[in-house]
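Chemist: sequence unknown, structure follows:
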């Protein structure tokens, strides 16, 4: 990942998975970022020079508010060329000291489509849970598709 944020990028070469979002959420951030649906968020994604730009956002699901407090810039050139789903995931790797247990940190997982099936984030050792699929991407062309 690039930029001046505290996120780091994890690449799992054995699974071709890519995971971005290793930042710690500041306390009391509810309401500071737009509350978006997965459809809205997918349409706000940008691709620039083989990098996916994910804006700050909040997403509500399962009685929780999932928060990305900073812009994420994820370089997808590390992935094998192919078709991937871009999935918002609950990021359990972050040591979240926020006392508001309703607010949860998120990450972005690139799930590769192989043999007509999509990889699932929960099957990889990254401690996350699927929240929403927000778009699909062709990593060869950088073209985004929306569910």
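Modeler: Happy to help now that I have it. Keep in mind that this is a model prediction, so the values were computed, not measured.

Chemist: neighbours around residue 137, how many?
Modeler: 21 (other CB atoms under 10 Å). The C-beta positions use only the backbone N, C-alpha and C, and glycine is treated the same way.

Chemist: partner residues bridging it?
Modeler: When assigned by DSSP bridges, residue 137 has beta-bridge partners residue 84, residue 144.

Chemist: tell me how far it lies from residue 104.
Modeler: To residue 104, residue 137 is 24 Å away according to CB to CB, to the nearest Å.

Chemist: what strand or helix carries the most centrally placed residue in the chain?
Modeler: Centroid-nearest residue in the chain, with CA atoms, centre = their mean: residue 108, separated by 1.3 Å. Assigning secondary structure by DSSP states H and E places residue 108 in strand 103-114.

Chemist: what helices and strands are in contact with that strand?
Modeler: The contact analysis (3 or more CB pairs under 8 Å, 6 or more residues apart in numbering; DSSP states H and E) places strand 103-114 against strand 17-20, strand 64-68, strand 72-75, strand 83-91, strand 128-138.

Chemist: strand partners of the third one, parallel vs antiparallel please.
Modeler: Here strand 72-75 has these sheet partners by DSSP bridges: strand 51-54 (antiparallel).

Chemist: what does the partner strand contact?
Modeler: The contact list for strand 51-54 (CB atoms under 8 Å, 6 or more residues apart in numbering) reads 2, 20, 41, 45-47, 68, 71-76, 86, 108, 137.
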